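Enquirer: no sequence on hand, only this structure:
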């Protein structure tokens, strides 16, 4: 199968130093992108430049370095807002990652809306980061966690979702793309159903941000969260987008420097958006790396990237499905970037270990989605996840390696 004419992964690979190494004396084939993506040289250089030339705390100094760092930081916020289609830069809050972003909303919005006996609506395919914060919020308030069913292929049961909305949850929170199954949620329809029921929506975009165009204004979601390290940016930075109307109502999540206006021993008033939710010194270098990564990705176009990756997935699915004894876990009608599978009756760690020795970086286990594994009755899976720098040749080599594993394990 040929690559799409406008997209050349082989050329893009030259921008990623980590891809050009050997493991166990074999060329590395990196297929663990759902866990974290590798970083292009421009992102690595941006981090180095910041610490070499601009390193300074932001918003707190009149001297030159502080002003330069502050301007760069706020420019990164504006770039991030444009990338996701936010109308106002102050609707973008910088966090440590998806997990902190979800915890922020669960804590702050929970304090605002959750009453004893209230409920939160999620789906059966959530990552632990979009399950446990809501579960714990419900436990604190003697509430109920409502879970939307999946069908046998891993698709969301929209009728069940609509039925659960009738119970009046304080929020509906769901993944845009499942990290364990690759299922693409029908987010536009789910948002419409939730809003018709008067329920705000949070979308976990950790797995979608690098693989499909995101426009939070067009989607009309109330919150959207993602991590930098899954979109070619450094670790330790993430984004919470929230509609201004919600962010203004929500109380601060953490307290300390930067997020205050006036402080006395008797009382404290809080800063304006977005600073009300950005207590303490941020990871400035990583934020600037995120800006660089988003600009880098924009050069190719996320839609083109997603189309290319879809062709990789189709090619891989066709070849893997021909291997005797191989079982693909999750075969949703709409899927992206991830294939989870098992080799016969063998444990996923066995296959993952063999693939590792052959030079393939794949993920094994429950992928921080234990309830998903329970639904499908498996202890875990082997997960191959794709990025724009993966090639058809790598897919072919993976399938040959999986065939070898099947011969040894079944």
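Expert: Now that the structure is in, tell me what you want to look at. Just so you know, these numbers come straight off a predicted model, no measurement behind them.

Enquirer: doesn't residue 310 belong to a strand?
Expert: No - Residue 310 is assigned helix when assessed by DSSP: H, G, I helix; E, B strand; the rest coil, not a strand.

Enquirer: domain assignment for this structure?
Expert: Annotated domains of the chain cover 9-40+301-409, 44-299 [automatic domain parsing].

Enquirer: is it possible to export these to a markdown table including mean pLDDT and mean neighbour count?
Expert: Yep, even glycine has a C-beta here, placed from its N, CA and C like the rest. A markdown table is the format used below for the domains of the chain (pLDDT from 0 to 100; neighbours: other CB atoms under 10 Å):
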| stretch | mean pLDDT | mean neighbour count |
| --- | --- | --- |
| domain 9-40+301-409 | 95 | 19 |
| domain 44-299 | 96 | 19 |
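
Enquirer: on the three-state scheme, residue 61 is what?
Expert: coil.

Enquirer: end-to-end on stretch 11-28?
Expert: 17 Å (CA to CA, to the nearest Å).

Enquirer: for that stretch, the distance to its chain's centre please.
Expert: Stretch 11-28 sits 24 Å away from the centroid of its parent chain (CA atoms, centre = their mean, to the nearest Å).

Enquirer: just the helices in this protein please.
Expert: 9-12, 41-49, 64-84, 98-113, 132-140, 158-165, 187-196, 216-219, 244-249, 284-300, 302-320, 348-357, 370-376, 392-409 (DSSP state H).

Enquirer: residue 107: what's it in contact with?
Expert: By CB atoms under 8 Å, 6 or more residues apart in numbering, the contact set of residue 107 is 133, 137, 253.

Enquirer: hmm, 7 Å instead?
Expert: residue 253 (CB atoms under 7 Å, 6 or more residues apart in numbering).

Enquirer: cool, and residue 113?
Expert: Contacts of residue 113 (CB under 7 Å, 6+ apart): residue 170.

Enquirer: please apply the same query to residue 320.
Expert: If you count contacts by CB under 7 Å, 6+ apart, then residue 320 has 326, 328, 339, 341, 399, 402 around it.

Enquirer: got it, and residue 101?
Expert: So residue 101 contacts 95, 225, 238, 239, 240 (CB under 7 Å, 6+ apart).

Enquirer: distance check, it against residue 79.
Expert: Separation of residue 101 from residue 79 (CB to CB, to the nearest Å): 18 Å.

Enquirer: go on, residue 277?
Expert: Residue 277 is 19 Å from residue 79, where distance means CB to CB.

Enquirer: coming back round to it: quick check: the two most widely separated of the contacts of residue 320?
Expert: Greatest spacing in the contacts of residue 320, by CB to CB: 328 and 399 (12.5 Å).

Enquirer: pick out the residue nearest the middle of this protein.
Expert: Central residue of the chain (CA atoms, centre = their mean): residue 206, 0.8 Å from the mean position.

Enquirer: that one contacts residue 224, doesn't it?
Expert: No - counting by CB atoms under 7 Å, residue 206 does not reach residue 224; the two are 10.4 Å apart.

Enquirer: separation between residue 223 and residue 114?
Expert: 15 Å.

Enquirer: again with residue 262
Expert: Distance of residue 262 to residue 114, computed by CB to CB: 29 Å.

Enquirer: next: residue 334.
Expert: 32 Å.

Enquirer: ok, now residue 266?
Expert: 29 Å.

Enquirer: same question, residue 247
Expert: Taking CB to CB, one finds residue 247 at 17 Å from residue 114.

Enquirer: just residue 51 next, same as before
Expert: From residue 51 to residue 114 the distance is 41 Å (CB to CB).

Enquirer: now do the contacts for residue 309.
Expert: 211, 336, 337, 386, 388.

Enquirer: with residue 46 instead?
Expert: Residue 46 neighbours (CB under 7 Å, 6+ apart): 288, 289, 292.

Enquirer: for residue 368, state which of those residues is nearest.
Expert: Once CB to CB is applied, the member of the contacts of residue 46 that ends up nearest residue 368 is residue 289, at 23.8 Å.

Enquirer: report the contact partners of residue 33.
Expert: Applying CB under 7 Å, 6+ apart, we find residue 33 in contact with 385, 386, 387.

Enquirer: so the first one touches residue 34, yeah?
Expert: Spelled out, that is residue 385. Yes - between residue 385 and residue 34 there is a contact at 3.5 Å, judged by CB under 7 Å.

Enquirer: overlap of the contact sets of those two?
Expert: Common contacts of residue 385 and residue 34 (CB under 7 Å, 6+ apart): 337, 338.

Enquirer: I'd like the distance between the residue lying closest to residue 259 once chain neighbours are set aside and residue 243.
Expert: Spatial nearest neighbour of residue 259, excluding adjacent residues (CB to CB, 6 or more residues apart in numbering): residue 279 at 4.3 Å. The gap separating residue 279 from residue 243 is 21 Å, by CB to CB.

Enquirer: with residue 46 instead?
Expert: Relative to residue 243, and taking CB to CB, residue 46 is found at 30 Å.

Enquirer: cool, residue 303 as well?
Expert: Distance from residue 303 to residue 243, counting by CB to CB: 25 Å.

Enquirer: this completes my enquiry, with thanks.
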